[in-house]
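[1] give me a model of this one.
(one chain, ligands or ions: 2)
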Amino acid sequence: MSDDQRLTIALSKGRIFEQTLPLLEAAGLQAAEDPETSRKLILDTNDPRVKLVIIRASDVPTYVQYGAADLGVAGKDVLLEHGGEGLYEPLDLRIACCRLMVAGRPDTALVPPPARGRLRIATKYVRGAERHFAAKGQQVEIIKLYGSMELAPLVGLADLIVDLVESGNTLKANGLVPIEHISDISSRLIVNKASWKMKHARVRALVESLQEAVEAQAAAGR
Ligand code: ATP
Ligand code: MG
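    Ligands and ions are numbered 1, 2, ... in the order given. From the prediction side, this is the model:
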């Protein structure tokens with residue numbers, strides 16, 4: 001089997017894997033194992049030319065950028081933070097949908113406290129947050145966190161957070177409210193730029209099948 005026939009697709013466990021699987025299946029690809037129960041990081045598929053690699057969501061663009069995977073599925077949030085170098089983003093898969101939002105305590109004043117010149121924003125999404133406040137002409141101090149952002153305003157680490165919101169239940173459970181909408185987020189198919197050229201026919205065929213699957217899902221109202 002020549003190299004240009006092989007494809008490696010990078011996915012993360014959890015919602016992205018679960019929601020990508022039906023699209024891959026519609027495109028004729030089935031995973032040989034379930035990553036939630038298997039400890040394997042490389043999974044075979046029903047097509048001997050196609051393998052899946054299972055990695056952290058935020059690592060997917062890096063694997064694809066360097067060509068360790070030809071394709072991948074990554075949230076727009078992750079792509080905004082990564083920057084998208086070395087990648088094409090040919091298809092919105094319309095899965096793992098949520099919103100990037102500014103949130104805080106209901107009584108938060110949107111101006112910095114008198115003792116400080118700038119509002120403090122805790123977030124995992126540093127670029128997204130910087131871009132949002134810069135566009136509003138507001139100078140802020142960004143505090144990078146890796147998770148549980150909701151805690152930051154409760155313990156005085158930050159005035160506001162920038163986080164992904166789906167139902168709003170996590171915010172609500174912590175006494176926080178959404179304050180500003182930054183952007184709508186969904187997961188995208190990404191392709192390594194060299195793979196796009198070198199494996200064009202194979203990649204194009206997969207992108208087209210996935211696009212049909214996305215449209216069929218949308219038509220079915222899911
Ligand atoms: P890691 O666990 O490696 O830190 P992560 O928490 O971003 O990464 P997931 O929770 O699996 O990983 O999220 C993967 C993607 O799904 C995110 O990048 C985002 O695009 C989307 N996502 C995250 N949270 C939600 C949510 N509450 N509702 C819908 N989609 C979400
Ligand atoms: Mg998560």
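[2] where do the strands sit along this structure?
    Under the criterion DSSP state E, the chain carries strands at the ranges 7-11, 42-44, 50-54, 71-75, 87-92, 98-104, 119-123, 140-144, 160-165, 177-185, 187-192.
[3] show me the protein divided up by domain.
    3-96+186-221, 98-182 (automatic domain parsing).
[4] make CSV from these and add mean pLDDT to it.
    As requested, the domains of the chain are exported to CSV (pLDDT from 0 to 100):
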stretch, mean pLDDT
domain 3-96+186-221, 96
domain 98-182, 95
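[5] and those domains: which comes nearest ligand 1?
    domain 3-96+186-221 (2.0 Å; C-beta to the nearest ligand atom). (Each C-beta comes from the backbone N, C-alpha and C, glycine too.)
[6] returning to that earlier point: which of the strands of the chain is buried the deepest?
    strand 71-75 (a mean of 28; mean count of other C-beta atoms under 10 Å).
[7] what helices or strands is that strand leaning on?
    strand 7-11, helix 15-26, helix 60-65, strand 187-192 (3 or more C-beta pairs under 8 Å, 6 or more residues apart in numbering; DSSP states H and E).
[8] any chance of the ones you listed in CSV, plus distance to ligand 1?
    Shown next, in CSV, are the helices and strands packed on strand 71-75 (distance: least, C-beta to the nearest ligand atom, whole Å):
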stretch, distance to ligand 1
strand 7-11, 10
helix 15-26, 5
helix 60-65, 9
strand 187-192, 6
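[9] Asp47 and Ala27 touch, don't they?
    No. Shown here, Asp47 and Ala27 do not form a contact pair, counting by C-beta atoms under 8 Å, at 10.0 Å.
[10] re the thing from before, reformat the helices and strands packed on strand 71-75 as CSV; add distance to Asp159.
    Output for the helices and strands packed on strand 71-75, formatted as CSV (distance: least, C-beta to C-beta, whole Å):
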stretch, distance to Asp159
strand 7-11, 36
helix 15-26, 30
helix 60-65, 30
strand 187-192, 30
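[11] quick one: closest of these to Gly175.
    Ranking the helices and strands packed on strand 71-75 by proximity to Gly175 (C-beta to C-beta) places helix 15-26 first, at 25.4 Å.
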